[in-house]
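Visitor: The following block contains a protein sequence and its predicted model.
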There are 2 protein chains.
Amino acid sequence: MGLPKAVRLFEEGPREGFQIEKGPIPTDRKIALIDALSATGLKRIQTASFVHPKLVPGMADAEAVVAGIAMRPEVTYTGLWLNDRGMERAIATGRLAMIGRISTYASDAFMQRNQNTTYDAHMKAQGDMLDAYRARAISVEGAFVSAAFGCNFEGDIPLPKLMRVVRDLFALFSEHGTAIETLWLADTMGWANPEQVRRTVGAVREAFPETTIGLHLHDTRGLGIANAFAGLEMGVADFEASVAGLGGCPFAGNPGAVGNIATEDFVFLCHELGIETGINLDALIDCARMAEDIVGRTLPGSIMHAGKLNRV
Amino acid sequence: MGLPKAVRLFEEGPREGFQIEKGPIPTDRKIALIDALSATGLKRIQTASFVHPKLVPGMADAEAVVAGIAMRPEVTYTGLWLNDRGMERAIATGRLAMIGRISTYASDAFMQRNQNTTYDAHMKAQGDMLDAYRARAISVEGAFVSAAFGCNFEGDIPLPKLMRVVRDLFALFSEHGTAIETLWLADTMGWANPEQVRRTVGAVREAFPETTIGLHLHDTRGLGIANAFAGLEMGVADFEASVAGLGGCPFAGNPGAVGNIATEDFVFLCHELGIETGINLDALIDCARMAEDIVGRTLPGSIMHAGKLNRV
């Protein structure tokens, strides 16, 4: 497949970013960033995660953040939850688009460390989550596979292992009377390389041609944008990214871990390749600079520092 | 063409990096970095540039740096010069491999700003340089084209314009009784995208199939490694890179300009793709960290901060 004509970009910065910051970020600054992102043309923004405040103190104000957003009708605002209680909190805000997803891990070691559970127990819990979505009439988008390309704790994730997890997910959805519309493959700890992205996307698509594949790529070891390019060349059109490269996984156990690919760098790549994003790059670069100002340190994004191409 | 089996990596860090630093870097620290790089498996290291110390104060100690290197027989140590006087200084060190190159610019605006000359006058001077190489029995490697993919001062460089410059270079070499063994295409200010790299490499190779194409890529806007990957996929096997991403062009007129792709990130990419580099990545990462310590600030390289993949 060739490059897509357009991509759908899902902004993860407010969640990915603020969940790992050490000091508290004022709630109104989080809201200001989300409001600015809302004016860039981004169509979906993940605003917060509803996890236990003891585990992720930076998300203790999730409800206050969501309550404060000046919501625009053209933007879908989402939240992240990992269990029933988190979902209930998200519903209780009364302001978020409830989009049902389940999450699993291609790495048993990472699942153990992150969720303190086993593969079978976790998959059963995810099945219960699918039932909970149905009981609440929440539409199910699909599934998210963390550490799909490799893991700092387990090492390489061979493609056959990932494919077993993917097949189990499809079986689980089927058992629970629903289907995976989008399967997200996440390179949570920056293990992927462009050939592996191609091979993996190709294998999943061949096995499940009806399902949309989304990529969530971290730029931990500098290959994030090259991996995204490889995904685009495979026709992938759904990407999660993080403004300014905000974030990183608090459980990745790697002090040098960095966040997702920077949304604005990826938008720049897409525009240079003639791929539509619907995003105003100038406005998004302004958001990236605002994010840097909020966290008070240099963030990994490139074009926010170098400036756009000055075409004459 | 597919991926090459092996790449030749030309280390540019000591020159690219130290020429732009604001404060003076002690000569012995420069030497220590070059000595450490010499032990990584790198086969060619550019040690310094012989330019006027008023223009590039950071290179005023070029002779002292070259004199201090603990040279290894398996490494080729080179220098950069832009005119006859610089070449004479490099010769006078008595320690450098004299490899003849000429340089030109695909951007007239950048040439004017950088060299204060016109295209015709510059090409004539490059012809004189070819004569000077012949007079001194210096073997000629080829030519280097700066701003081959775009320019902060001139904007886009359309492929037909670049191809005119390339054809002029081939004609010039022919007139002076020699040939271009390697043609270096430099993305001096970070304008290239992966498709453009492919298109450009393809066009040059079609026109001049006997010539090796080398890429010198800056990571100014985050696409450097993706561009390198696109080059690899076109079978390009010659790359200049800069340890830790040291450097940037002092004349690029862009405060956010960053240096070449980080050598160690590119080596990591190559190894993940099964391409031989002959380089010990651990040793090179140590060099990158040393470079960061020398300049006293965070450098752009990724894997030096994240650490290698921890395969189990």
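Guide: In hand now; what should we look at? Note that the structure is a prediction, hence the values are computed from the model and not measured.

Visitor: what's near enough to touch the residue of the stretch 1-150 of chain A found nearest chain B?
Guide: Residue nearest to chain B within the stretch 1-150 of chain A (CB to the nearest CB): residue A:150, separated by 6.6 Å. No exception for glycine: its C-beta is placed from N, CA and C like everyone else's. For residue A:150, the contact set (CB atoms under 8 Å, 6 or more residues apart in numbering or on different chains) comprises A:156, A:157, A:187, A:189, A:191, A:192, B:309.

Visitor: Please work out the average pLDDT along stretch A:50-59.
Guide: Per-residue pLDDT values over stretch A:50-59 give a mean of 90.

Visitor: residues making contact with it?
Guide: Stretch A:50-59 is contacted by residues A:15, A:18-21, A:24-25, A:48-49, A:60, A:62, A:79-82, A:85-87, A:89-90, A:250 when judged by CB under 8 Å, 6+ apart.

Visitor: Report the distance from that stretch to the chain centre.
Guide: 18 Å (CA atoms, centre = their mean, to the nearest Å).

Visitor: From start to finish, how long is that stretch in a straight line?
Guide: 7 Å (CA to CA, to the nearest Å).

Visitor: Then stretch A:174-194?
Guide: Start and end residues of stretch A:174-194 are separated by 31 Å (CA to CA).

Visitor: quick one: it near chain B?
Guide: Yes: interface with chain B: stretch A:174-194 contributes A:190, A:191, A:193, A:194 (CB under 8 Å from any CB of the partner chain).

Visitor: Now do stretch A:197-205, average pLDDT.
Guide: Stretch A:197-205 comes out at a mean pLDDT of 98.

Visitor: Put the alpha carbons of that stretch into PDB.
Guide: Coordinates of each C-alpha in stretch A:197-205 appear next as PDB, following Å, rounded to 0.1, in the frame of the first residue of the first chain:
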ATOM      1  CA  VAL A 197       6.800  -1.800  11.700                       C
ATOM      2  CA  ARG A 198       6.300  -2.800   8.100                       C
ATOM      3  CA  ARG A 199       6.500  -6.500   8.800                       C
ATOM      4  CA  THR A 200       4.200  -6.200  11.800                       C
ATOM      5  CA  VAL A 201       1.500  -4.100  10.100                       C
ATOM      6  CA  GLY A 202       1.700  -6.400   7.100                       C
ATOM      7  CA  ALA A 203       1.200  -9.500   9.200                       C
ATOM      8  CA  VAL A 204      -1.700  -8.100  11.200                       C
ATOM      9  CA  ARG A 205      -3.400  -6.700   8.100                       C
END
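
Visitor: buried sites along that stretch?
Guide: Using 16 or more other CB atoms under 10 Å in any protein chain shown as the test for burial, stretch A:197-205 gives A:197, A:198, A:200, A:201, A:204, A:205.

Visitor: And for stretch A:83-99?
Guide: Across stretch A:83-99, burial judged by 16+ other CB under 10 Å covers A:86, A:87, A:89, A:90, A:93, A:96, A:98, A:99.

Visitor: do stretch A:68-85 as well
Guide: Buried residues in stretch A:68-85, counted by 16+ other CB under 10 Å: A:68, A:69, A:71, A:75, A:76, A:77, A:78, A:79, A:80, A:81, A:82.

Visitor: can you tell me which residues contact the closest residue to the second one other than its chain neighbours?
Guide: When you say that, I think you mean residue A:69. Nearest residue to residue A:69 in three dimensions, chain neighbours excluded: residue A:34, at 5.2 Å (CB to CB, 6 or more residues apart in numbering or on different chains). Contacts for residue A:34 (CB under 8 Å, 6+ apart) come out as A:14, A:45, A:47, A:65, A:69, A:77.

Visitor: Can you pick out the ones from these that are in helices?
Guide: A:14, A:65 (DSSP state H).

Visitor: What is the nearest of the contacts of residue A:34 to residue A:267?
Guide: Checking these against residue A:267 by CB to CB gives residue A:45 as the nearest, at 14.3 Å.

Visitor: Surely the closest one touches residue A:78?
Guide: Yes: applying CB atoms under 8 Å as the test, residue A:45 and residue A:78 come out as touching, 7.1 Å apart.

Visitor: circling back: ok, now how distant is the residue nearest to residue A:69 from residue A:13?
Guide: Look at residue A:34 and residue A:13: by CB to CB, to the nearest Å, they are 9 Å apart.

Visitor: Likewise for residue A:218?
Guide: Counting by CB to CB, the gap from residue A:218 to residue A:13 is 13 Å.

Visitor: Can you check the pLDDT for residue A:144?
Guide: 97.

Visitor: tell me which parts of the stretch 1-150 of chain A are close to chain B?
Guide: Selection of the stretch 1-150 of chain A residues close to chain B by CB under 8 Å from any CB yields residue A:150.

Visitor: Counting neighbours, which bits of whichever strand or helix holds residue A:37 end up buried?
Guide: Assigned by DSSP states H and E, residue A:37 belongs to helix A:27-38. Neighbour counts using 16+ other CB under 10 Å place A:27, A:29, A:30, A:31, A:32, A:33, A:34, A:35, A:36, A:37, A:38 of helix A:27-38 among the buried residues.
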